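K.L.:
just coords:
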Ligand code: ATP
Ligand code: MG
């Protein structure tokens with residue numbers, strides 16, 4: 001195994017002032033969670049401004065990198081040599097040893113970039129750069145210095161020990177999940193909502209999810225697909241508690257009582273209300289949907305306004321301005337696309353009218369909803385109470 005340690009660099013969380021340790025701790029927790037999926041044992045530790053992952057024995061390098069690439073808050077993953085002895089003469093040998101092992105073909109240009117967090121270290125960073133550069137040239141005459149555009153930037157950081165690294169693998173960015181509250185994702189079996197959940201989780205928000213199904217009009221397989229999608233998103237967001245709500249009676253009732261062209265909008269309003277009710281019970285501070293302007297009749301600006309009218313908590317719609325292809329690109333990147341396109345029916349498509357309203361008038365919707373007065377509150381209550389809950393991880 002070439003590397004035993006990784007230096008984890010974070011971006012935004014570095015700027016959180018006094019709360020920084022909360023962000024660091026959340027990031028460490030997420031790193032540990034991600035590494036549980038990987039074979040091997042790992043220690044995750046921190047030092048001011050730095051987080052380290054150390055393998056305690058054998059492990060699979062590619063698996064570790066893949067797992068870390070899914071941890072929000074990581075800006076860079078740097079495989080490194082970490083040494084405890086800070087003696088400079090030994091350090092020269094260590095740096096040469098690093099290059100010797102990591103770059104078998106040494107016909108390359110390089111530059112040494114040294115930093116010392118500890119200003120009592122006997123050499124300044126300038127002196128370190130010069131001497132380490134010299135040591136490398138002596139060890140490998142085929143290498144050349146290029147201070148402007150080196151092929152290899154040899155980074156040497158003197159801290160409690162010394163970190164030597166030159167490879168920097170980009171992480172996903174964002175903020176560690178758990179640093180920004182929790183929100184309720186309306187998760188359907190489509191392409192858009194898993195992407196929406198991913199995007200909000202990326203900002204540090206923990207996810208809870210709700211799925212509306214309409215048995216027997218929608219199948220067990222359609223439900224399983226949503227569970228599968230929640231599991232795929234949870235690889236990034238951490239465990240997702242998924243609430244499965246039986247929507248059949250409400251849907252049929254709306255179908256009986258309201259104009260069919262308004263069915264979708266009224267249905268969407270009740271989905272939001274129920275999601276909000278469950279969210280209220282589970283400390284969710286906002287809702288998340290995969291809506292995108294103009295994508296379908298229920299997502300015109302008028303329809304979005306009509307749907308939004310029933311919400312009292314913020315509704316996050318991270319893909320609102322995205323074209324379908326842009327959403328598909330993300331779905332492919334995060335690995336949800338293949339599951340999303342499995343052809344199972346969706347409760348929204350079952351009762352849809354041939355000509356749904358595209359510019360719903362809120363006053364008219366209110367008037368239509370008057371027809372539901374008799375039973376709807378009780379039905380909503382029953383749907384919320386009888387939901388099934390599945391932990392997806
Ligand atoms: P998606 O690809 O996410 O299914 P869509 O293009 O099919 O989106 P709609 O069916 O209009 O769009 O749904 C818009 C949003 O409403 C979805 O992104 C999702 O957040 C929510 N939603 C729709 N149907 C359901 C459902 N059965 N259960 C939970 N949420 C749903
Ligand atoms: Mg859908």
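P.N.:
Arrived safely, thanks for sending. In this text, all values refer to a predicted model and were calculated from it rather than measured experimentally. Ligands and ions are numbered 1, 2, ... in the order given.

K.L.:
Residues of this protein that sit close to ligand 2?
P.N.:
Neighbours of ligand 2 within the chain, by CB under 5 Å from the ion: 188, 190, 346. Every C-beta, even on glycine, is put in place using the N, C-alpha and C of the backbone.

K.L.:
Quick one: which of those is the most crowded by neighbours?
P.N.:
Neighbours here mean other CB atoms under 10 Å. Within the residues of the chain next to ligand 2, the largest count is held by residue 188, at 24 neighbours.

K.L.:
Find the closest residue to ligand 2 in this protein.
P.N.:
Nearest residue of the chain to ligand 2: residue 190, at 3.5 Å (CB to the ion).

K.L.:
Just the closest of the residues of the chain next to ligand 2 to residue 99, please.
P.N.:
residue 190 (49.9 Å; CB to CB).

K.L.:
Report the contact partners of that closest one.
P.N.:
290, 340, 346 (CB atoms under 8 Å, 6 or more residues apart in numbering).

K.L.:
okay, the second one: pLDDT?
P.N.:
Residue 340 is assigned 97 on the pLDDT scale.

K.L.:
so how far is residue 291 from it?
P.N.:
Between residue 340 and residue 291 the computed distance is 16 Å (CB to CB, to the nearest Å).

K.L.:
what's the answer for residue 179, then?
P.N.:
Residue 179 sits 25 Å away from residue 291, going by CB to CB.

K.L.:
and if you look at residue 112?
P.N.:
51 Å.

K.L.:
is it true that residue 186 touches residue 287?
P.N.:
Yes. With contact defined as CB atoms under 8 Å, residue 186 reaches residue 287; the gap is 6.5 Å.

K.L.:
Now do the shared contacts for these two.
P.N.:
Taking CB under 8 Å, 6+ apart as the contact rule, residue 186 and residue 287 both touch 272, 275.

K.L.:
just checking, what packs against the longest strand along the chain?
P.N.:
Scanning the chain for the longest strand, with DSSP state E as the assignment, gives strand 74-83. Here strand 74-83 touches strand 5-10, helix 61-68, helix 88-102, strand 162-165, strand 169-170, going by 3 or more CB pairs under 8 Å, 6 or more residues apart in numbering; DSSP states H and E.

K.L.:
let's see 10 Å
P.N.:
For strand 74-83, the packing partners by 3 or more CB pairs under 10 Å, 6 or more residues apart in numbering; DSSP states H and E come out as strand 5-10, helix 20-36, strand 50-55, helix 61-68, helix 88-102, strand 152-158, strand 162-165, strand 169-170.

K.L.:
what lines up beside the first one in the sheet?
P.N.:
Sheet neighbours of strand 5-10, with direction, are listed as strand 50-55 (antiparallel), strand 74-83 (antiparallel) (DSSP bridges).

K.L.:
mind putting the ones you listed in JSON lines, mean pLDDT included?
P.N.:
Output for those, formatted as JSON lines (pLDDT from 0 to 100):
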{"stretch": "strand 50-55", "mean pLDDT": "96"}
{"stretch": "strand 74-83", "mean pLDDT": "97"}
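
K.L.:
Let's have those in a markdown table, adding mean neighbour count.
P.N.:
Converted to a markdown table, those look like this (neighbours: other CB atoms under 10 Å):
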| stretch | mean neighbour count |
| --- | --- |
| strand 50-55 | 20 |
| strand 74-83 | 21 |
